[in-house]
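Engineer: pasting the sequence and the predicted coordinates here, then a few questions.
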Amino acid sequence: KFGNSDDFPIIIEKMLKQSPVHAGIISKKSKMVSGTGIDYNTDAFKSKPKQSEIAAFIKNCSGKHAGLHDVMMHAAFQYELHGSMAFLVKWNVAHTKIVQLTSLDIKGVRAGEPNEQGKVTDYIIRRFFGIGADAVQHNEPRKIKSFDKFDKKSREQILYVKNPYSGNDYYGVASYVSAYHYITADYEFGKHIENSAANGFTPKVLATFIGRNMSSEQQREEYLKFKESFTGSEGDNFVVSWVKKQEDAPKFTPLDVQNLDKTIDVLSRLNDAKILTAHNVTSPTLFGVMVSGKLGGTGNELVSAYQIFRATETLPNRQILLDTINRILATVGYDKIDIK
């Protein structure tokens, strides 16, 4: 949910750091949507000064060294990650030039109170909305009018675009959220692998020491000695103990979970499949996920998978991005430059 505690955007960004499969897909999808650059044509404008003005806008619309393609790359990533994108647009007084066009971080944008018709007429922007935000400098909220091309009085507006399949009246929702448990489970698999690497050669046993008369401090010392020699990637595979009587010797009970490695392997592959399905990926090899039993997954199958994914995911999302940019550019007649 959205609200004071800023739950939803924080969870979305946390998920990005938990799963290499999920993070890789988000990153690559956004790159596929935004492409490596943009092409445009100013021939529709006969005036040389106008052409120069547009070229300067394309190159620096979001400030020094941040052009229109930089804005589109940021917006594409926000859209793939959050299921929405938001643009802050600033005009000159006469509304004849766009002074600034910036893509905003979705976690810093909230819908204002809707009017009687249920339409959001304002948005609130600030660095973050979490608890204790008032104690942070430069985090004052700003109220800005929502985008309306007929509103010539507001010098700045916010255009918020959400995933059409979000199912939410005010906010975008990423299509992959149905795989929440699988994405977070990917992090647990990573921890399991790390633990196996660190302690994989440690025998899995229950060690019982006879020390009823030992003090707590003595028991702690014996435990630490045992742990240092018996655990970790550099630990010994055996324990040497000296006792006075045989009945004082440590007792070891093996702890064995049946088929644990096989279970982990099956669940891990199922987990990857669910994440890929949530992202509508047609072939795992498109995103570097290898499938057992296949020799590389190249050839016609990979080409077909790419074409299907491009037609069903990349191009529709790119079109949403281009249509949004053109809506903004149309306010000053820049939409004639035909961006590709």
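Structural biologist: Okay, I see it.
Engineer: pull out the buried positions in the helix or strand where Lys31 lies.
Structural biologist: Assigned by DSSP states H and E, Lys31 falls within helix 20-34. Using 16 or more other C-beta atoms under 10 Å as the test for burial, helix 20-34 gives 21-23, 25-26, 29-30, 32-34. C-beta coordinates here come from the backbone N, C-alpha and C atoms, glycine included.
Engineer: tell me what the helix or strand following it is packed against?
Structural biologist: Next helix or strand after helix 20-34 toward the C-terminus (DSSP H and E): helix 48-60. Judged by 3 or more C-beta pairs under 8 Å, 6 or more residues apart in numbering; DSSP states H and E, the packing partners of helix 48-60 are helix 68-82.
Engineer: now the helix it packs on against helix 48-60, angle please.
Structural biologist: 40 degrees (axes from the mean of the first three to the mean of the last three C-alpha atoms, to 10 degrees).
Engineer: what angle separates helix 68-82 from helix 20-34?
Structural biologist: 140 degrees.
Engineer: what mean pLDDT does helix 68-82 get?
Structural biologist: Here helix 68-82 scores 96 as its mean pLDDT.
Engineer: how about the helix or strand just after that helix: buried residues?
Structural biologist: Sequence-wise, the next helix or strand downstream of helix 68-82 (DSSP H and E) is strand 84-91. For strand 84-91, a neighbour-count test (16+ other C-beta under 10 Å) marks 84-89, 91 as buried.
Engineer: ok, which stretches of the stretch 151-300 of the chain are helices?
Structural biologist: 180-199, 216-230, 260-278, 300-309 (DSSP state H, counting those that start in this stretch).
Engineer: in TSV: those, plus mean pLDDT.
Structural biologist: Rendered in TSV, the data for the helices of the stretch 151-300 of the chain read as follows (pLDDT from 0 to 100):
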stretch	mean pLDDT
helix 180-199	83
helix 216-230	77
helix 260-278	83
helix 300-309	85
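Engineer: out of those helices, nearest to Ile54?
Structural biologist: helix 300-309 (33.4 Å; C-beta to C-beta).
Engineer: could you export the closest one as CSV, CA atoms only?
Structural biologist: In CSV, the C-alpha atoms belonging to helix 300-309 read as follows (Å, rounded to 0.1, in the frame of the first residue of the first chain):
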residue,chain,number,x,y,z
ASN,A,300,15.9,-20.3,-34.4
GLU,A,301,14.3,-20.9,-31.0
LEU,A,302,16.2,-17.9,-29.5
VAL,A,303,15.4,-15.7,-32.4
SER,A,304,11.7,-16.6,-32.3
ALA,A,305,11.6,-16.0,-28.6
TYR,A,306,13.2,-12.6,-29.0
GLN,A,307,10.8,-11.6,-31.7
ILE,A,308,7.8,-12.7,-29.6
PHE,A,309,9.1,-10.9,-26.5
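Engineer: who's in contact with it?
Structural biologist: Outside helix 300-309, the residues that touch it by C-beta atoms under 8 Å, 6 or more residues apart in numbering are 280-283, 285-286.
Engineer: three-state assignment of the residue nearest to Tyr187 when sequence neighbours are not counted?
Structural biologist: With sequence-adjacent residues excluded and distances taken as C-beta to C-beta, 6 or more residues apart in numbering, Tyr187 is closest to Gln18, at 3.8 Å. Following DSSP: H, G, I helix; E, B strand; the rest coil, we place Gln18 in the coil state.
Engineer: I'd like to know how many residues surround Gln18.
Structural biologist: By other C-beta atoms under 10 Å, 15 other residues sit near Gln18.
Engineer: for Lys336, see how far away it is.
Structural biologist: Going from Gln18 to Lys336 by C-beta to C-beta, to the nearest Å gives 45 Å.
Engineer: dump the buried residues of strand 84-91 into TSV; add distance to Arg310 as well.
Structural biologist: Shown next, in TSV, are the buried residues of strand 84-91 (distance: C-beta to C-beta, whole Å):
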residue	distance to Arg310
Ser84	22
Met85	20
Ala86	26
Phe87	25
Leu88	30
Val89	30
Trp91	35
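Engineer: just checking, the residue nearest to Tyr187 touches Tyr180?
Structural biologist: No: contact criterion C-beta atoms under 8 Å: Gln18 and Tyr180 do not qualify, at 10.2 Å.
Engineer: any idea how far Leu81 lies from Gln18?
Structural biologist: 13 Å.
Engineer: hmm, His192 is touching Leu267, no?
Structural biologist: No: in this structure His192 lies outside contact range of Leu267 using C-beta under 8 Å: 10.1 Å.
Engineer: and Pro164, what does it touch?
Structural biologist: Contacts of Pro164 (C-beta under 8 Å, 6+ apart): Ile320.
Engineer: what about Ile124, which SS state?
Structural biologist: What three-state DSSP gives for Ile124 is strand.
Engineer: as TSV, the buried residues of helix 20-34 with pLDDT and distance to Asn300 would be great.
Structural biologist: As requested, these are arranged in TSV below (pLDDT from 0 to 100; distance: C-beta to C-beta, whole Å):
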residue	pLDDT	distance to Asn300
Val21	90	25
His22	93	28
Ala23	93	29
Ile25	93	23
Ile26	94	27
Lys29	93	23
Ser30	95	27
Met32	93	20
Val33	95	25
Ser34	94	28
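Engineer: between the residues you listed, which is closest to Val173?
Structural biologist: When the buried residues of helix 20-34 are compared against Val173 (criterion: C-beta to C-beta), the nearest one is Ile26, at 14.7 Å.
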